[in-house]
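Trainee: Dropping a prediction and its sequence here:
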Amino acid sequence: MESSEKFFEKVYAVVRLIPYGKVSSYGAIARHLGSAGASRMVGWAMNASHNRADIPAHRVVNRKGLLTGKHHFGGSRLMQQLLENEGVVVKDNQVQYFDKHFWDPGKELPCSQK
DNA sequence: ATTCTGACGTGGG
DNA sequence: CCCCACGCCAGAA
């Protein structure tokens, strides 16, 4: 059934919906997918996201607002540059005003409750 | 098949 | 806030 849908595709769908100048966390997305605790898989999905072009993975950070995945961005400050370019203040790999830029899918999205 | 790792989260101290 | 340990699911070796 729908559960057969790729976990990755779900992640991509949510990440792609992240508005400009906003950031989200792996756990929030995982929870939205119905697999709370599978936060690792979200990160793993992002890893595969390099194969996709419309996946703003730089808008996805850990719950601390830390750019944990910047090392995987192929470069070094690319991720931070992109965030700052969108108006997000980043300092020492950490997003400032994280709660202010935080975007919760299960909270902002309409009826996606499972 | 088994084993380990991985862009994490949560709970307890 | 920090640190430690466990859980989580998927993919690679």
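Mentor: Good, I have the coordinates.

Trainee: can you tell me the residue of chain A closest to DNA strand B?
Mentor: At 1.7 Å from DNA strand B, A:Gly69 is the closest residue in chain A, using Cβ to the nearest atom of the strand. C-beta: built from backbone N, CA, C; applies to glycine.

Trainee: any idea where the helices of chain A begin and end?
Mentor: A:7-17, A:26-33, A:39-48, A:78-85, A:98-101, A:105-108 (DSSP state H).

Trainee: mind putting those in CSV, distance to A:Arg59 and mean neighbour count included?
Mentor: Output for the helices of chain A, formatted as CSV (distance: least, Cβ to Cβ, whole Å; neighbours: other Cβ atoms under 10 Å):
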stretch, distance to A:Arg59, mean neighbour count
helix A:7-17, 7, 19
helix A:26-33, 11, 22
helix A:39-48, 10, 18
helix A:78-85, 7, 17
helix A:98-101, 9, 14
helix A:105-108, 12, 15
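
Trainee: need those helices in JSON lines with distance to DNA strand B and mean pLDDT, can you?
Mentor: JSON lines is the format used below for these (distance: least, Cβ to the nearest atom of the strand, whole Å; pLDDT from 0 to 100):
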{"stretch": "helix A:7-17", "distance to DNA strand B": "9", "mean pLDDT": "87"}
{"stretch": "helix A:26-33", "distance to DNA strand B": "3", "mean pLDDT": "90"}
{"stretch": "helix A:39-48", "distance to DNA strand B": "3", "mean pLDDT": "90"}
{"stretch": "helix A:78-85", "distance to DNA strand B": "7", "mean pLDDT": "92"}
{"stretch": "helix A:98-101", "distance to DNA strand B": "11", "mean pLDDT": "91"}
{"stretch": "helix A:105-108", "distance to DNA strand B": "12", "mean pLDDT": "70"}
